[in-house]
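Enquirer: Model the structure of this input:
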Amino acid sequence: MDGQTPRTAGDPDTLAAAQQAADEASVSQLETEERYARPDADRLSDAALSRIEARRTGSTQAAFFDLDKTIIARSSTLVMGRTFMRDGLLSSTTVLKGLYAQVVYQLVGADHEKMEQMRHAALELTRGWEADRVRRLVRETMEEVIAPLVYREALELLDDHRRAGRDVWIVSSSGEEIVEPFGSYLGVRDVIATQSGIDVDGRYDGTLQFYAYAGAKATAIRQIAEVRGYDLDRCYAYSDSITDLPMLSAVGHPTVVNPDRELRAAAVAMGWDVHDFDQPVRLRDRLPDVAPAGQVAAGVTTAALVAFAVYRYLVRGR
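Expert: Model prediction:
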């Protein structure tokens, strides 16, 4: 695990509370790895880094964007329910619970404890699903799913960074089969996302190859900076969650977007920029020439099932 003390000085009590929240997320991540993950699930593999290095652009700067509630207005892991229901993978009851969970997530977010409940349920419920079937369903319905979700302000930031010659990354704990198509529609080629294990029969095996959460995001960013030649002091990062404090602290220009209460307090204490995005737009209206994500590949837990776990935790767990 790779945590880091925030770069900017601020109120000691606020910073200590923020760091404690981030540390708790890292401990919870360790527990998940011990139960469900293969060794080194908190680091990108050598094979992944080789692919990343091969796509090096020559830029020494990058901007790293969290996805949920930073680029898009809802949780990317909760918007695929109807797709899987139509294909018979989910029941209508589970989808209805997911709609409820989505409202709760939008209002109160999901801390590290809820995230672990979500991840556990997703791994258990998707074990044995055919990975190719999931990828096909996501590809076929991505345009329908993503259309109304994107923040106008995030699109403008993405464009600003591209014009400045920076590489743009999406960094999300959601699965690759969700994040890569979203990235493709946004014109973002590079992503850091959770990767799940697939057995010899091509089915999800209930393990994690890489868990893009909490300190592991910061670790991945540092690994990528090394192979791509980024100067992290000149890089940017954007997120809404206190669990991403290590990721934000890894760069010279952190910005919090629609932050949860703990992250907002930490950002104020450290003098970081705080943005509140409130203008979701239809991506097809904003980017009419965007191409379908037909070639996107993935291998991860079916994140739409997270909705069921959020519901169970929020309603029954209390």
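
Enquirer: how near is residue 256 to residue 206?
Expert: Distance, residue 256 to residue 206, by C-beta to C-beta, to the nearest Å: 34 Å. For glycine as for every other residue, the C-beta is placed from the backbone atoms N, C-alpha and C.

Enquirer: which of these two has more neighbours?
Expert: residue 256 (28 against 18; other C-beta atoms under 10 Å).

Enquirer: where does that one land in three-state SS?
Expert: strand (DSSP: H, G, I helix; E, B strand; the rest coil).

Enquirer: Can you give the contact residues for whichever strand or helix holds residue 194?
Expert: Using DSSP states H and E, residue 194 sits within strand 190-198. Here strand 190-198 makes contact (C-beta atoms under 8 Å, 6 or more residues apart in numbering) with 38, 44, 52, 55, 64, 123, 126, 131, 167-176, 178-180, 183, 204-213, 217, 220-221, 224, 299-301.

Enquirer: Now intersect the residues you listed with the strands, please.
Expert: 64, 167-175, 204-210 (DSSP state E).

Enquirer: Just confirm residue 274 is within a strand.
Expert: Yes. Residue 274: assigned to a strand according to three-state DSSP.

Enquirer: what are the bridge partners for it, then?
Expert: residue 256 (DSSP bridges).

Enquirer: State the number of residues packed around it.
Expert: With other C-beta under 10 Å as criterion, residue 274 counts 13.

Enquirer: and what of residue 248?
Expert: Neighbour tally, residue 248, other C-beta under 10 Å: 30.

Enquirer: what do you get for residue 253?
Expert: 16.

Enquirer: Now residue 69. Nearest residue, chain neighbours left out?
Expert: Nearest residue to residue 69 in three dimensions, chain neighbours excluded: residue 240, at 4.4 Å (C-beta to C-beta, 6 or more residues apart in numbering).

Enquirer: these two touch, right, that neighbour and residue 255?
Expert: No. The pair residue 240 / residue 255 is not scored as a contact, 10.5 Å apart, by C-beta atoms under 8 Å.

Enquirer: which ones are touching the residue nearest to residue 69?
Expert: Applying C-beta under 8 Å, 6+ apart, the residues contacting residue 240 are 66, 68-70, 109, 256-260, 263.

Enquirer: From residue 233, how far off is it?
Expert: 23 Å.

Enquirer: coming back round to it: tell me the buried residues within the contacts of strand 190-198.
Expert: 44, 52, 64, 123, 126, 131, 167-176, 178-180, 183, 204-213, 217, 220-221, 224, 299-301 (16 or more other C-beta atoms under 10 Å).

Enquirer: So what angle separates the directions of the strand holding residue 194 and strand 204-210?
Expert: Orientation check (axes from the mean of the first three to the mean of the last three C-alpha atoms, to 10 degrees): strand 190-198 against strand 204-210 gives 140 degrees.

Enquirer: Keeping just the C-alphas, turn strand 190-198 into CSV.
Expert: Output of strand 190-198 as CSV, limited to C-alpha atoms (Å, rounded to 0.1, in the frame of the first residue of the first chain):
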residue,chain,number,x,y,z
ASP,A,190,-5.8,6.1,-20.7
VAL,A,191,-7.6,4.7,-17.6
ILE,A,192,-6.7,3.2,-14.2
ALA,A,193,-9.5,0.9,-13.1
THR,A,194,-10.2,-2.3,-11.0
GLN,A,195,-9.4,-5.5,-12.8
SER,A,196,-10.9,-8.8,-11.8
GLY,A,197,-9.6,-12.3,-12.2
ILE,A,198,-10.9,-14.6,-15.0
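
Enquirer: In the sheet, which strands lie alongside it, parallel or antiparallel?
Expert: Short version: by DSSP bridges, strand 190-198 pairs with strand 167-175 (parallel), strand 204-210 (antiparallel).

Enquirer: what is the rounded mean pLDDT of that strand?
Expert: The average pLDDT for strand 190-198 rounds to 91.

Enquirer: buried ones in that strand?
Expert: Neighbour-count burial for strand 190-198, counted by 16+ other C-beta under 10 Å, picks out 190-198.

Enquirer: Low-confidence stretches in the protein?
Expert: 1-38, 75-122, 124-125, 143-148, 283-318 (pLDDT under 70).

Enquirer: do that again at 80, thanks
Expert: 1-39, 74-130, 134-149, 178, 282-318 (pLDDT under 80).

Enquirer: Look up how far residue 242 lies from residue 260.
Expert: 6 Å.

Enquirer: Those two - which one has more neighbours?
Expert: Neighbour count, other C-beta under 10 Å: between residue 260 and residue 242, residue 242 has more, with 29 against 21.
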